[in-house]
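Colleague: Generate a structure from the sequence data that follows.
(2 chains)
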Number of protein chains: 2
Amino acid sequence: MNAPTNRLPLSQRLADALRARFGSRFSTTQAIRDHHGKDESSHPPMPPDAVVFAETTEEIATIVRLCHSHRTPVIAYGTGTSLEGHLLATCGGVCIDLSGLNRIIAVRPEDLDATVQCGVTRKALNAALNGTGLFFPIDPGADASLGGMAATRASGTNAVRYGTMRENVLGMTVVMPDGSIVKTGTRARKSSAGYDLTRLFVGSEGTLGIITELTVRLYPIPEAISSAVCNFANITDAVSAVIQTIQLGVPVARIELLDALCLTAINRYSKTTLTEAPTLFFEFHGSPTGVEEQARAVQEIASEHGGHEFQWATRPEDRSRLWQARHDTYYACLGLKPGARALTTDVCVPISRLAECIAETLADLETTGMPAPIVGHVGDGNFHMLLLADPDNADENLRAHEFAARLAQRAIRKDGTCTGEHGIGIGKQDYMRLEHGDAAIALMRKIKQAIDPDNIMNPGKILPPP
Amino acid sequence: MNAPTNRLPLSQRLADALRARFGSRFSTTQAIRDHHGKDESSHPPMPPDAVVFAETTEEIATIVRLCHSHRTPVIAYGTGTSLEGHLLATCGGVCIDLSGLNRIIAVRPEDLDATVQCGVTRKALNAALNGTGLFFPIDPGADASLGGMAATRASGTNAVRYGTMRENVLGMTVVMPDGSIVKTGTRARKSSAGYDLTRLFVGSEGTLGIITELTVRLYPIPEAISSAVCNFANITDAVSAVIQTIQLGVPVARIELLDALCLTAINRYSKTTLTEAPTLFFEFHGSPTGVEEQARAVQEIASEHGGHEFQWATRPEDRSRLWQARHDTYYACLGLKPGARALTTDVCVPISRLAECIAETLADLETTGMPAPIVGHVGDGNFHMLLLADPDNADENLRAHEFAARLAQRAIRKDGTCTGEHGIGIGKQDYMRLEHGDAAIALMRKIKQAIDPDNIMNPGKILPPP
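Modeller: As a prediction, this is how the structure comes out:
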């Protein structure tokens, strides 16, 4: 983590200008600043100097222009659900709360796309799609804003089938560091017309500009959905079943791995009676016969790898209960060690390296002496560990961080990444150089410097210190 | 088209240095320069001043470093199959022939990926995959090099199912304008680790760096494949059938539209007896029952829209004959007007605007008085017209260009793009501003300027003159 750098008090003239323009939607009260200075990570809060509640792209442009003329940092705030300190005001500055940009601008069922303001959450979009027969699949767990999800290149449980935000944003409106407004992409499904500005902003974590509107892809709600759970003697067998499923091209919508400790946590928290063993959760989308066929194929593969107690859930209420248990994993795991905070890891490796990566990581875990359940989007090679550490125990926290560092380095050595879906923020900057190499980091810095020469857009994030 | 700008003779010192280093792999003979100064478009050839046949990333870095120190343009040459003058030496300079970088570095069946040198063609890769049960799906028609396909953000007939080069490159090695070597991406299927450099180079047409190696996704060869053709009374009905197919989420692998004139051309060229009416070509990939189910669904949809004479091809030889006829369309259409050259258009629009876009375009075509068959990857909203003009008839060429310009503008007005898959090169720069807007063009220019401040990488391409 990098220490705050050039933190300066907010200029009185800038505060006056913002107050004059935004009235009560401009705030410097401690409670509001505090609320906007923390996310869901274990990084200590760092409040901004002021918060402005914006409602339109033009208002954001006005704010950024004012901040630009005062060389003052600007931080975008969606729903505050980031996991790597993305929104912490490491250098102070003005936070723009985007929750007021909550308008669904257009839903176009014929084209399977929708245009929304950045503050619309994924659940709000899906609610608005009710009755169209369509849905927006990307599901990072939290009910995050779509702008925030794009800025983080988020994904989640069904990326194995539907891709990540990288694949699902067609175009966007972005306020640039000088307050100008850029539109990227079109609504065409594909294009070869010049540099891919859309993909440049996806994953840029507010460091190049603020995404204010975006057009996303939608998908037909599958005719049939079914879910299943299956236990394995060990994680290696479970992962082998996953590899074979992917290799055979079975178009599973979700394959989630949970380790035995995770199941223990879930049973305690959700009052379920699932077998406390390494488990795969599956979901199949398709036509009724297609889903049946996928399920049969996967069951066969699982059996070959010693999978047993294959349990089906085809009724919506059973599926909901199953996936609710999966989605509650985070809170269930916190319950394993009352008072602990979770340091969440997020490595992603080629699937052929997944079993060995997990095995080496579990061996390493033994040395830390702290509980750390595993839950993974293993169809993509992505898995999380929740390192449960007592926040008041400095030694334990240090051990957790050192373990997480070793895990990130291990994944990178295996041709993988330190973050599959959570982003860099301030939490993973230390691994950027190892993952990308000096030349790529220099190139990223060149791009940042060209677009934001005064370094006012979410400074101190993504790029490691020079 | 932009006139050549700062064309200067090749410096003798640079020529000497390249000859000293590369011997007979450095050439300034007219025949070799001519060969490397033209592509498959109707743009007049512009040969480079010299050609170097490179074999490794390091050699390319050496060439670029030398050119950089002499401020001399560098143009990458793959297979010469670009369609918008991408490789024309508008400012002279050194062409690097990449066909010697033809090594398949690794195929990893477990991870469904392969790493290749940039000169490997898609057919060479697929030949090397023989026996693995995997294939590389992107198929732009020509047997292009994978580096060139990435640089052009190419796609083709089955992008509707498998995506474009944008979705299928995991990472790459790139030689930068100063000769440094950048590695982008990892082999992880997804990552949120910083700026998406891979997507920045995909589609950059050699203007930011030279892609020398790339890791691409592979797919399991489907268990079953079947094809079908179906005729319609008119193009609107055919397109309506396509829209409904996409909306229902039928995972077709290919949906190609050919107009009646196209069928006439094919029958003449390929000695087939296909009905000369607007026709959809379908291909279905999946399990035997899945394919059957998809085919049944599509047949029903087609019937609802007046589709008739549904003909099946499930035997490989029948499928091959059918798709060979489709793939020969370009040459078949040239046969409609002996001696003509084809100006190929490449617009892509949201699928809801496709029928009206084609209807307006056909109405417009009446005014030009020249034959222009339509063939389209309509599942993506992408269609091509082959404007057959006599190269010696200046008036006819002018009318063809004016028609193509109106078509590009029409597509952009309909939220689409002037190029779905061919790229900008020198042929579509005039539409960049209309499609992207001044602010986005300024941003692209900023990126180009930051990365290639001396403008030596394929100068005069993509960005319109300031």
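Colleague: Quick one: distance of stretch A:447-456 to the chain centre.
Modeller: Relative to the centre of its chain, stretch A:447-456 is centred 24 Å away, using C-alpha atoms, centre = their mean, to the nearest Å.
Colleague: Buried residues in it, which are they?
Modeller: A:447-448, A:450-452, A:455-456 (16 or more other C-beta atoms under 10 Å in any protein chain shown). Any C-beta I mention is one placed from the backbone N, CA and C, and that applies to glycine too.
Colleague: Also stretch A:252-272?
Modeller: Here stretch A:252-272 shows A:252-267, A:269-270 as buried, counting by 16+ other C-beta under 10 Å.
Colleague: same check, this time on stretch A:392-408
Modeller: For stretch A:392-408, by 16+ other C-beta under 10 Å, it's A:396-397, A:399-401, A:403-404, A:406-408.
Colleague: For chain B, state which of those is nearest.
Modeller: A:A408 (9.8 Å; C-beta to the nearest C-beta).
Colleague: quick one: the helix or strand that closest one falls within near chain B?
Modeller: Assigned by DSSP states H and E, A:A408 falls within helix A:394-413. Yes: judged by C-beta under 8 Å from any C-beta of the partner chain, helix A:394-413 and chain B are in contact via A:411-412.
Colleague: Now do the same for the nearest residue to A:E223 once chain neighbours are set aside: its pLDDT.
Modeller: Leaving aside its sequence neighbours, A:E223 sits nearest to A:S287 (C-beta to C-beta, 6 or more residues apart in numbering or on different chains; 5.2 Å). In this prediction, A:S287 carries a pLDDT score of 91.
Colleague: what does A:R21 give?
Modeller: 98.
Colleague: what's the neighbour count on it?
Modeller: 14 (other C-beta atoms under 10 Å in any protein chain shown).
Colleague: For it, give its distance to chain B.
Modeller: From A:R21 over to chain B the distance is 22 Å, taken as C-beta to the nearest C-beta, to the nearest Å.
Colleague: on that earlier part again, can you dump the C-alpha coordinates of the helix holding A:A408 into CSV?
Modeller: This file holds the C-alpha atoms of helix A:394-413, laid out as CSV (Å, rounded to 0.1, in the frame of the first residue of the first chain):
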residue,chain,number,x,y,z
ALA,A,394,-1.0,-6.8,14.1
ASP,A,395,1.1,-10.0,13.8
GLU,A,396,-1.9,-11.9,12.4
ASN,A,397,-2.6,-9.2,9.9
LEU,A,398,1.0,-9.1,8.8
ARG,A,399,0.9,-12.9,8.3
ALA,A,400,-2.3,-12.6,6.3
HIS,A,401,-0.8,-10.0,4.1
GLU,A,402,2.4,-11.9,3.6
PHE,A,403,0.4,-15.0,2.7
ALA,A,404,-1.7,-13.0,0.2
ALA,A,405,1.5,-11.6,-1.3
ARG,A,406,2.9,-15.1,-1.7
LEU,A,407,-0.3,-16.3,-3.3
ALA,A,408,-0.4,-13.4,-5.8
GLN,A,409,3.2,-14.1,-6.7
ARG,A,410,2.5,-17.8,-7.1
ALA,A,411,-0.3,-17.1,-9.5
ILE,A,412,1.7,-14.8,-11.6
ARG,A,413,4.5,-17.3,-11.8
